[in-house]
Each structure stands twice: as structure tokens, then as C-alpha cells.
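*Asks:* Predicted model follows, preceded by the sequence.
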Amino acid sequence: MQKFNEKALVLQDACLGIMTKVSFLRKNIETPGSRPHALSNDNWSRVRKTVEKAFPDRPDLSAVKGFETFQQGASQVCDELQDIYLTFVDLMDLLDASKDLLATALHGTVHFRTEQNRVVIAHTMNLFTSFVKLHLVMDAFSDRRVLTGLYAAAYHCVHGSSEPQVARVAHQIQDFEDPLKRLINEVEAMNVAELLFDVCLALKPAVDTYLHTEGLRQKNMLNPTEEAGGLALPVRQELNVSHPKLSLHAEMRDAHRYMIWTIYVGLVTPELMLREDRQFLNLFNTVARHYLLVPVFRGQTLNVHQATEELAKWFPPRGYKIQPPKELRNLKKMFKDESKAATVNCGHAHAEKRSYLRGEMANLVSLLMDTPGLVGPKFPMVLTALAMGKAELRWYFDHKSATTRRDRQKHLNLSDFDDPYISTLLGLQDQLVLLVREFRRYVSVYYIEYLQGAHRTRLARLLEAARPHLDSEGNAISSILSGLLPEIDRLDVAAPDEADLVGFRLDWARCVACFTSMQSAAHRPAPVIELLEAMDRITTHSRFVDDIEGLLVEYGELSELWWHHDHLALEFERALNDTVELPRSSYSNGLRAEGIAHFTVAYMRTAACAMENISAFCPEEQRQLGDSISRYVEDLMGAIARRVRDLVDPLYAQLLFWSDYLQPVQAAYRLQRIQEAKARGEEVSKEIPGWESHAYRVDYIKDLVVTERNLNRLLDVISKTPRLVVNDRIFAPKEFVRRELQRYVEEFIASVVLEQGGDGIAQPSVALRRVEALVAAL
């Protein structure tokens with residue numbers, strides 16, 4: 001178990017890389033221009049049908065129409081499909097390795113407690129969900145059977161014998177026809193259901209707390225101003241009275257992952273739902289009510305309730321080893337009711353969570369901009385806000401295309417899945433990330449002092465108390481324990497950028513895996529337990545010293561949203577054309593009314609950070625993805641520049657109108673209107689210039705105020721937007737918009753100087769007033 005964490009990290013990276021590769025290949029195959037010749041050659045259609053029909057066996061193709069030309073081009077087919085086939089081989093090997101390591105970890109760990117072996121739980125469950133997702137990603141590759149069959153046939157034509165691994169690969173690919181059923185059988189054979197239940201039970205307190213939004217609000221979890229005198233002190237809140245050793249913010253950062261883990265565990269170990277105590281079933285249903293879809297990989301999602309209803313059609317099978325209690329024998333009806341409850345309630349529940357996050361994140365942004373020194377002590381709070389914001393944004397865009405069964409459609413309230421202020425949350429997320437990057441040095445210095453002060457003092461005492469109980473763990477563990485304090489002492493407050501605690505965390509992860517394994521008795525003594533709990537917090541704080549960028553990528557950046565770029569574009573347009581009206585009652589503070597147009601710049605950064613989706617397992621995707629993102633960012637910048645011009649136009653028109661209204665000739669016109677009204681015996685209007693600015697006349701200038709507000713905010717944000725790097729291109733939004741405005745002014749001056757039609761020069765006084773109105777508008 002000592003090297004479990006290293007192995008798990010390697011396999012997780014490999015899983016991500018293979019899923020990236022499979023998704024890239026699938027996308028290329030589905031794109032007409034890049035589809036392999038073996039799939040698009042019309043002369044080989046009979047060959048493809050025969051191969052697919054006989055799969056996983058290799059059929060005799062000698063009498064099939066088109067086989068002669070296929071045989072002639074077999075060498076080219078092998079070259080063309082070899083990369084795809086070898087990816088399938090790697091995927092099968094990866095599944096076997098992941099399954100073996102998971103069984104070792106689950107059977108080899110004595111207990112799962114987040115306050116003691118959080119790192120083992122995280123690596124185990126991340127690897128478990130990756131194992132499940134590999135099956136689902138492969139299931140979405142609809143051409144996998146015919147591609148494998150064509151490669152096998154071409155290889156046999158070229159070499160006169162079968163490819164050594166093709167039989168194993170073909171039979172495993174055949175099993176992907178029903179991935180969840182295959183997974184249920186595989187996980188059952190591993191005999192880990194009860195161990196997975198223990199993990200989920202350890203996560204339940206955090207899940208229950210996360211789902212209660214009002215409870216989070218009452219705890220002031222994301223509101224540092226409520227701490228009053230403790231504003232400059234480090235964040236330290238317990239999860240609840242029953243779990244005082246669990247950090248509220250640490251648990252809430254990962255609670256959304258806990259829920260995804262719970263759903264995947266339930267789908268592939270349904271025997272846990274048959275337990276008489278109903279603990280897991282209740283937890284699964286509680287979580288599932290908050291989802292219609294769960295993320296798989298990139299834009300691929302899994303319909304939770306469709307999967308459970310399909311499961312209930314055959315599970316438990318006749319003669320199953322576990323006989324469900326009487327009240328659980330009708331799983332089909334229960335899952336149908338849960339599906340209806342989720343359809344009705346999940347959209348509203350997440351809308352409430354987004355509303356809560358918008359308010360708290362806006363307060364955090366304002367506080368940190370005014371008092372950046374607080375970013376250090378309040379960094380756990382900021383990181384938790386980012387993690388929750390990212391989870392809600394991911395949920396929102398995953399569910400933008402949410403569908404349900406036809407008989408549930410009447411319960412689906414589409415307005416719950418449409419948020420006109422989603423851009424506010426996305427913009428606040430972006431602002432918090434930028435603020436942390438700007439003041440990251442404050443965070444590093446603060447936690448170096450924390451580690452070398454309070455943490456070091458406590459750790460020295462705990463190591464001394466625990467060492468007698470750890471002498472039997474071997475020289476390697478003893479060496480690691482001896483090096484913990486010197487590693488902290490080497491940190492330099494004057495050079496926080498040079499800090500490197502990666503080895504410190506990996507060494508402790510080895511100790512955790514060792515202390516909590518079945519082969520060790522170290523987990524029993526109280527001093528060791530106290531050491532495990534203290535080091536859980538210390539290793540978390542160590543990441544605040546040297547891995548702030550990694551934490552921002554993990555919890556803050558929104559690279560996954562790129563796979564919903566069509567929906568992002570629609571939300572961008574809605575935010576850019578912001579027309580939020582100012583209510584009459586709030587005119588006095590109307591200039592501070594919140595709009596959302598200025599948050600559109602965040603969409604460019606969201607697209608730019610999508611380059612983080614590139615994997616070393618699929619370098620060929622870099623150019624393709626980089627070009628797509630570059631075009632997307634360029635289109636967004638062009639749309640913003642056009643919107644600036646569109647906002648300047650009505651502002652100029654209004655200013656020109658009121659400027660003309662103040663000309664001396666208007667006094668003569670007014671006198672004439674008064675005299676004509678008296679002659680007709682009508683009431684004379686006594687309003688004078690300026691009447692429209694009174695509060696009771698707000699309707700006359702409301703549009704002007706809104707336009708001015710939106711333009712000011714948009715230009716202010718653009719002027720502060722840093723340059724964006726996308727692959728091999730650099731985008732400068734500020735310079736781009738400035739160039740477009742310059743072109744606009746040049747075209748405007750040319751148009752006002754010349755008479756309409758271009759036959760002469762306009763009156764100098766008229767041209768001057770128009771130019772002055774434009775300058776005032778700008």
C-alpha cells in the first residue's frame with residue numbers, strides 16, 4: 001500500500017489521457033472531412049457490413065463484393081487504423097491495471113476517514129470513477145466494432161495471420177454494448193461493495209451539509225465580514241457538531257465530487273441499495289434528486305434516472321445472492337418516483353445555490369479588492385467559493401440540453417434551467433481567480449509563516465508522541481518522519497516562489513497509506529490518529545504555499561465549459577445585449593444597479609483556458625483545439641467591439657438631441673409655442689430645459705442611464721483585461737477594441753463633415769456639434 005498513491009496518480013493521468021485520445025478519434029471519425037478512408041469508401045460497404053455482423057469473430061470475406069480492392073489496399077488500411085486499434089489495446093490494458101489497483105486499495109485499507117486518510121480516499125475514488133468513465137466513453141464510440149474488425153481483416157491480409165491481441169480486444173469491445181451491466185459484473189467479482197459503502201458513508205456528512213443551502217448561509221461559510229474581530233485570523237470552521245474534526249471549507253470544496261462518486265458507486269454496485277438499513281439507498285436518492293445528468297467526460301453526460309430505471313428492469317435477477325426487503329422489491333416504482341422528484345425539484349434547488357453564490361462571491365470580490373491582505377487568512381474560503389461556483393456552472397451548462405422521458409416532460413419546468421444572470425456567476429468566478437493570481441504572493445507568505453509557526457510547534461509535539469508506535473513501520477517511514485520538520489524549516493518567507501513541497505506531500509501520502517493499511521497496527525494508538533488528523537490540515541495548507549496555480553486550475557478555472565461552447569455563445573450574447581431596466585423606486589442609486597454586460601469579458605478567458613484540456617497522450621489535438629479556440633475568442637472580441645459601437649450610437653444620439661435642445665433658437669421656438677397655445681385657449685406648458693432630470697421624470701432618461709452604465713462598465717473591464725494566450729497566438733482585447741473605436745471615429749468624422757450624399761461640405765456649426773456630442777459620448 002505504501003506506493004499506492006504514486007500508482008493511482010499515474011493511472012488517473014493515463015485514464016484522462018486515454019479518454020482524451022478516444023474522444024479525439026471519435027470526433028475526427030464523425031467529421032466528414034477527416035473520416036478514415038476505410039469507413040467512407042463506398043466500394044467496401046459490403047465488407048464493412050459483413051465484418052460488423054460477424055463481430056467479434058473474423059469472417060471469411062473472400063466471396064464478399066469489394067474484398068479484392070480491400071485486399072489490395074489492406075496495407076494502407078492497417079496504417080490508417082493502427083493508431084485507433086492501439087488506443088483500444090491501451091484502453092484494455094489500462095482497465096485491467098486500474099481494476100487490480102482498486103481491489104488492492106479497497107481490500108488493503110483498514111478504514112476510510114476523511115480527517116485521517118483523505119488522500120487515499122481521493123485517489124481511490126478518482127480512480128474508481130475514471131474506471132467507470134472509461135467504459136462509458138468507449139460505449140459512445142459507435143464505430144469501435146467495425147474499426148476493430150476492419151483492422152483485424154486488413155492485418156490478416158497483410159501478414160497472413162491474426163494480430164496477437166485482436167481476439168482479446170474484440171471480445172472486450174463487444175462487452176461495451178451494455179457498459180453499466182458489464183461494470184456491475186466486474187465490480188461484483190472484485191468483492192468491494194461493502195468497502196465502497198464505507199467510503200460513501202464517510203462522505204455523507206459533507207454531502208448533507210452541502211445540499212442544505214440555507215444552512216450554509218446561516219453558517220456564514222463564505223461571508224468573512226461576519227467574523228468581525230477575527231477578520232484577519234485564519235479560517236477555521238468545523239463541519240458540524242457531530243464532526244468537529246472535519247473542516248467545513250475543506251469538505252465543501254470537494255462535496256460536489258463526493259456526490260458524483262456516490263452516484264457512480266450506486267450505478268455499478270446496486271446491491272448496496274438492497275441493504276436493510278437503507279443507508280446507502282437514502283444517500284443515493286438524496287444526491288440523485290439534484291441531478292438529471294452527471295458529467296462523464298468533456299461534453300458527454302449520463303442520464304442518471306434513465307440508468308436507474310433501466311437497471312430496475314432486470315436487477316436483482318432471479319435467484320440473486322441478496323434478497324431485498326419487502327419494501328424494496330419494487331425498485332422500478334421507487335426509481336420512477338425519484339426521477340419525477342428530480343425533474344420537478346433539481347432545477348429550483350440549483351437556482352437557489354447559484355443565487356447564494358452570486359451574493360457571497362460579489363462580497364468576497366469587493367472585500368479582497370479593498371483589502372487584498374485578507375486573501376491570505378481567507379484563502380480557504382475563497383477556494384471553497386471557487387469550487388462551488390465551478391460545480392454550479394458545470395451543472396448549469398451540463399443541463400442546458402437536459403431531457404427526460406416523455407412522460408416526465410410535463411414536470412420539467414424549463415425556466416428552472418435557464419438563468420439570465422448566469423454570466424454574473426461566471427464573471428465573479430473569473431474575477432476571484434484573477435484576484436488570487438494577482439495577490440498569490442500574500443497567500444504563500446501567510447502559509448509559510450503558518451507552517452513554520454503554529455503547525456510546526458504542534459507537529460513536533462505529535463511526532464514525539466507518535467514515534468514509539470511507529471518504530472515497527474520500517475526505516476523508510478522513519479526516514480520520512482524525520483524529514484518532515486526540516487522540510488518546513490527550509491521554507492523562506494523572503495522567497496515564496498522557490499518553495500517546493502511536492503515531495504513533502506508525497507512522502508506523507510506514503511505514510512498515510514502505510515498507517516491505515518491492513519498490514520499495520522499503527523492506526524490504533526491515539527497519538528498516531530492525532531498525527532494523521534493534524535497532517536491532513538498541514539498538507540492542505542502546504543499546497544497554499546507552492547501549488548496555488550494548481551489549486552486554481554483544479555477548483556477555479558472553467559476549462560470543461562469549452563465543450564458547451566455553443567451554449568456559452570448564447571449566454572454571451574444575452575449578457576452582451578444586457579437590457580436590465582432600472583426600477584423607478586431605485587433611481588436614486590440607479591447608477592449602481594447591477595448589469596451583466598461587463599461580465600462578457602470572462603467568456604474570453606473561459607475559452608482561452610480550454611487549452612488545459614490538452615493531454616500529453618494526444619498531442620495531435622493541440623493544433624486543432626487551439627485553432628478552434630482562437631477563432632472563438634476572435635469572434636467574441638469582434639462581438640464586444642460591435643456592442644461598444646452599438647452603445648455609443650444611442651448615447652451620441654441622445655446627447656446630440658439634448659445639445660440641440662439647449663441652443664438659443666429653442667427659446668424662440670418655445671415662445672412661439674406658448675403664443676400659439678394661448679391663441680387657441682389651451683393650457684401653456686411651463687416646463688423649462690432640465691425638467692427631464694427630475695426624479696419623477698426618470699422614464700425620459702432611463703435608457704440613457706442604462707446605456708451609459710453598460711458602456712462604462714464594458715470599457716472599464718476591457719481596459720483591465722490582460723492579454724490572452726491561446727496556443728501560439730496572443731489576443732489583446734483592449735488594443736482590439738481601441739482599434740475598432742478608432743476606425744469608428746474616423747468613419748464618423750468623415751460622415752458628418754460631408755453632406756448627406758457626399759455632394760458638399762456640411763455646415764461647420766452642425767459638424768462641430770455632432771463631433772462634440774460624439775466626444776461627450778466617448
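*Replies:* Happy to help now that I have it. Numbering: from 1, shown residues only.

*Asks:* Assumed residue 314 was part of a helix.
*Replies:* No: judged by DSSP: H, G, I helix; E, B strand; the rest coil, residue 314 forms no part of a helix; its state is coil.

*Asks:* What does the pLDDT read for it?
*Replies:* pLDDT for residue 314: 90.

*Asks:* And for it, the neighbour number?
*Replies:* With neighbours defined by other Cβ atoms under 10 Å, the count for residue 314 comes to 10. Bear in mind the C-beta positions are built from the backbone N, C-alpha and C, glycine included.

*Asks:* what's it in contact with, if anything?
*Replies:* Under the criterion of Cβ atoms under 8 Å, 6 or more residues apart in numbering, residue 314 has no neighbours.

*Asks:* if I look at it, how far off is residue 331?
*Replies:* Distance, residue 314 to residue 331, by Cβ to Cβ, to the nearest Å: 10 Å.

*Asks:* Over to residue 487?
*Replies:* 52 Å.

*Asks:* and if you look at residue 598?
*Replies:* 50 Å.

*Asks:* okay, the two: which has more neighbours?
*Replies:* residue 598 (24 against 20).

*Asks:* nearest residue to that one other than its sequence neighbours?
*Replies:* Spatial nearest neighbour of residue 598, chain neighbours left out: residue 713 (3.5 Å); criterion: Cβ to Cβ, 6 or more residues apart in numbering.

*Asks:* Quick one: neighbours of the one you found, just the number.
*Replies:* 17.

*Asks:* helix or strand for it, which one?
*Replies:* helix 698-720 (DSSP states H and E).

*Asks:* The next helix-or-strand element following that helix: partners in the sheet, and parallel or antiparallel?
*Replies:* Note on helix 698-720: by DSSP H and E, the next helix or strand toward the C-terminus is strand 724-726. If you go by DSSP bridges, strand 724-726 pairs up with strand 729-731 (antiparallel).

*Asks:* Buried residues in the strand it pairs with, which are they?
*Replies:* Within strand 729-731, the residues scored as buried using 16 or more other Cβ atoms under 10 Å are residue 731.

*Asks:* which helices and strands does the helix or strand following it pack with?
*Replies:* Using DSSP H and E, the helix or strand that follows strand 729-731 towards the C-terminus is helix 733-753. Here helix 733-753 touches helix 621-661, helix 698-720, helix 764-777, going by 3 or more Cβ pairs under 8 Å, 6 or more residues apart in numbering; DSSP states H and E.

*Asks:* mind putting those helices in TSV, mean pLDDT and distance to residue 140 included?
*Replies:* Listed next are the helices and strands packed on helix 733-753 as TSV, based on pLDDT from 0 to 100; distance: least, Cβ to Cβ, whole Å:
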stretch	mean pLDDT	distance to residue 140
helix 621-661	87	17
helix 698-720	78	38
helix 764-777	81	52
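
*Asks:* Output the ones you listed in JSON lines, with distance to residue 335 appended to each entry.
*Replies:* Shown next, in JSON lines, are those (distance: least, Cβ to Cβ, whole Å):
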{"stretch": "helix 621-661", "distance to residue 335": "38"}
{"stretch": "helix 698-720", "distance to residue 335": "47"}
{"stretch": "helix 764-777", "distance to residue 335": "60"}
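
*Asks:* Report the separation between the residue located most distally from the centre of the chain and residue 672.
*Replies:* Centroid-distance maximum for the chain: residue 679 at 71.8 Å, with Cα atoms, centre = their mean. In this view, residue 679 and residue 672 are 11 Å apart by Cβ to Cβ.

*Asks:* from memory residue 270 sits against residue 315, does it?
*Replies:* Yes: using Cβ atoms under 8 Å, residue 270 makes contact with residue 315 at a distance of 5.2 Å.

*Asks:* Give the intersection of the neighbour lists for the two.
*Replies:* residue 184.

*Asks:* the more surrounded of the two?
*Replies:* Higher neighbour count among residue 270 and residue 315: residue 270, with 24 against 18, using other Cβ under 10 Å.

*Asks:* Enumerate every residue touching the more buried one.
*Replies:* 184, 311, 315, 316.

*Asks:* Against residue 269, how distant is the second one?
*Replies:* Noted for residue 311: a distance of 11 Å to residue 269, by Cβ to Cβ.

*Asks:* Would you check that residue 745 makes contact with residue 771?
*Replies:* No: counting by Cβ under 8 Å, residue 745 stays clear of residue 771, with 9.3 Å between them.

*Asks:* if we look at the helix or strand harbouring residue 488, which residues are touching it?
*Replies:* Using DSSP H and E, residue 488 falls within helix 475-489. Applying Cβ under 8 Å, 6+ apart, the contact partners of helix 475-489 are 2, 451-452, 455-456, 459-460, 463, 467, 470-471, 501, 503-504, 507-508, 510-511, 514.

*Asks:* The following helix or strand past that helix - contacts with which helices or strands?
*Replies:* Scanning forward in sequence from helix 475-489 by DSSP H and E, the next helix or strand is helix 502-515. The criterion is 3+ Cβ pairs under 8 Å, 6+ apart, and the helices and strands that helix 502-515 contacts are helix 4-30, helix 114-139, helix 475-489, helix 526-546.

*Asks:* now the angle between helix 475-489 and helix 502-515, please.
*Replies:* 140 degrees (axes from the mean of the first three to the mean of the last three Cα atoms, to 10 degrees).

*Asks:* Export helix 502-515 to PDB, keeping only CA atoms.
*Replies:* Provided in PDB are the C-alpha atoms of helix 502-515 (Å, rounded to 0.1, in the frame of the first residue of the first chain):
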ATOM      1  CA  VAL A 502       5.600  18.300  -3.600                       C
ATOM      2  CA  GLY A 503       8.000  15.800  -2.100                       C
ATOM      3  CA  PHE A 504       6.700  16.700   1.400                       C
ATOM      4  CA  ARG A 505       3.100  15.800   0.400                       C
ATOM      5  CA  LEU A 506       4.100  12.600  -1.500                       C
ATOM      6  CA  ASP A 507       6.100  11.400   1.400                       C
ATOM      7  CA  TRP A 508       3.300  11.900   3.800                       C
ATOM      8  CA  ALA A 509       0.800  10.200   1.400                       C
ATOM      9  CA  ARG A 510       3.100   7.100   1.600                       C
ATOM     10  CA  CYS A 511       2.900   7.300   5.400                       C
ATOM     11  CA  VAL A 512      -0.900   7.600   5.300                       C
ATOM     12  CA  ALA A 513      -1.300   4.600   3.000                       C
ATOM     13  CA  CYS A 514       1.000   2.600   5.300                       C
ATOM     14  CA  PHE A 515      -0.500   3.600   8.600                       C
END
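
*Asks:* by how many degrees do it and helix 4-30 diverge?
*Replies:* 110 degrees.

*Asks:* quick revisit: highest mean neighbour count out of the helices and strands packed on helix 502-515?
*Replies:* Counting by mean count of other Cβ atoms under 10 Å, helix 114-139 has the highest mean neighbour count of those, with a mean of 23.

*Asks:* for the record, mean pLDDT for the next helix or strand after that one?
*Replies:* Downstream of helix 114-139, the first helix or strand assigned by DSSP H and E is helix 144-159. Across helix 144-159, the average pLDDT comes to 93.

*Asks:* so who does residue 773 touch?
*Replies:* So residue 773 contacts 652, 655, 656, 659 (Cβ under 8 Å, 6+ apart).

*Asks:* So the first one versus residue 24, what's the distance?
*Replies:* The reference is to residue 652. 49 Å.

*Asks:* Ok, residue 239 next?
*Replies:* Distance from residue 239 to residue 24, by Cβ to Cβ: 41 Å.

*Asks:* Report the residue spans of the stretch 251-400 of the chain with pLDDT below the cut-off.
*Replies:* The stretch 251-400 of the chain contains no residues with pLDDT under 70.
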